[in-house]
Structure formats: structure tokens, C-alpha cells
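1. have a look at this prediction, sequence included:
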Amino acid sequence: MSRDALCRQLGHVFKQPQLLQRALTHRSHSAAHNERMEFLGDSVLNCVIAKHLYDSHPDLPEGDLSRLRSNLVNQQTLCILAQQLDLGELLLLGEGERKSAGFRRPSILADTMEAIFGAVFLDAGFDGAQSVVLKLYVPFIAQADAQTLGKDYKTLLQEYLQSKRLALPKYTVLSTQGEAHAQLFQVECDIGQLKLSTRGEGVSRRSAEQVAAEAAYRQIEAQP
């Protein structure tokens, strides 16, 4: 995975490549890290998604719009995007973070994703950032449903299986990595009757279960 390949997936070629360099730099690597860019990207992302939802759901009240945005703008979604873009391979991390698998840690991947949105904003303005955000978020926005507001993926998966009179999924911790203060859990979600098994990673068992449940739910939704 190269930075050129990343740019192709983003649909944006940086006029200022140093912005992408900084977006990919974790604070453990050097003083010129991505935390300020992450702050900016978080605001840009929320604004882009809020505007899109406002335009595409003219009848939804403010509370529902906020909950729908929260279902889209969160660490889980950002981590999934980062994994799809193979950001872990491009992250610049300090030796300690790399040894403790920081390149796979959901919080670091999500923060880097936000930093990239901030970098695109600085490089191409709001319209450029909006184009990149919406391009990446298309599959998530397409599956956003006002009827699922406020429900997490474990709940949605459970409700679907119950509606089909199927057994509930079994969640199993496959591994735990890292020090006690910065652990990374890998969990399997197994739905035996559907012969479906997915995995998720998170900084807690609960967050890892949510990622695995989301992967299973999306696979079920994608089936004809």
C-alpha cells in the first residue's frame, strides 16, 4: 500500500503532500503529529454529514437528525473506513506503539481518518473535503435508516435474528493484546444457523463485539 494508492481511494491528489504526511503521523513518532489536524477533521466530518442529512431528510426533526449523525460519525465507522483504506500500513508510529500493535488500534485508526479529512480540507477547502467524505461514506449513508436510530449493532443483529426465529449469536474473545492500560481485544461473532462468522477489534470487549456484530449485520443486509 502506497500513499499514491491511498490518494486514488480517497479521490484526492494532494497539492501539498506534507499535509498527508502529517495526517499519518502519530504523536508517538514526532512532535509534528496529527492531533491538531484530527481536531479540524472531526469538525469538517460532522459538518459534511450534518449538511447531507439535513438535505436528504427534510422531514426529520433535529433530535432524529442528531441521532442519525451519531450512528454515522463514530469511532467504529471511522475505524472500518481506515481498515478499508489500509491506513495501518501507512501510519508513522513510535517504536513502542508499533510494537504494541498501535497500527491496528481502533482509536488510532479513527483519529488518523479524521486527520486525513482535516488534511484534505486544508489542501482543497470545504468542497474538496465534502467530496472525499461523501465518497467514503456512501455505503454507510445508504444503509442509514431512521427506524434504527439509537440502536447499536448488537441490538439490531439480535432483533433481526429473533424476527427470523434464529438463535442469537455467540461472541468469543479470540485474543487480547497490549498492556493493561492499552489493550486491544479481538472478538468473533458466530451465527451457526447462518454459517456466518465475523471478527471485530476494539479497546474493550464490548466495543470489539459491536464491530463484529456490525460486520455480521452488514453482511446479512447485503444478501439478496
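-> Okay, I see it.

2. and the contacts of the strand or helix carrying residue 44?
-> Taking DSSP states H and E as the criterion, residue 44 maps to helix 35-56. For helix 35-56, contacts defined as C-beta atoms under 8 Å, 6 or more residues apart in numbering pick out 19, 22-23, 27, 60, 65, 68-69, 72-73, 111-119, 121-122, 126, 129-130, 133-134, 137, 141. Using the backbone N, CA and C atoms, a C-beta is placed for each residue, glycine as well.

3. quick one: buried residues of the lowest-mean-pLDDT helix or strand in the chain?
-> Ranking every helix and strand in the chain by mean pLDDT, DSSP states H and E puts helix 95-99 at the bottom, with a mean of 82. Neighbour-count burial for helix 95-99 flags residue 97 (criterion: 16 or more other C-beta atoms under 10 Å).

4. now residue 12: how far from residue 20?
-> Applying C-beta to C-beta, to the nearest Å, the value for residue 12 to residue 20 is 9 Å.

5. please apply the same query to residue 134.
-> From residue 134 to residue 20 the distance is 19 Å (C-beta to C-beta).

6. residue 157 now?
-> 36 Å.

7. who has more neighbours, the two?
-> A count of neighbours by other C-beta atoms under 10 Å puts residue 157 above the other of residue 157 and residue 20, at 25 against 22.

8. name the SS class of that one, please.
-> Here residue 157 is recorded as helix under DSSP: H, G, I helix; E, B strand; the rest coil.

9. correct me if wrong: it contacts residue 169.
-> Yes. Counting by C-beta atoms under 8 Å, residue 169 is a contact partner of residue 157 at 6.3 Å.

10. now do the shared contacts for these two.
-> Taking C-beta under 8 Å, 6+ apart as the criterion, residue 157 and residue 169 both touch 189, 213, 216.

11. helix, strand, or coil at the residue of the chain most remote from its centre?
-> In the chain, the residue that sits farthest from the middle, by C-alpha atoms, centre = their mean, is residue 165; the gap is 30.7 Å. Here residue 165 is recorded as coil under three-state DSSP.
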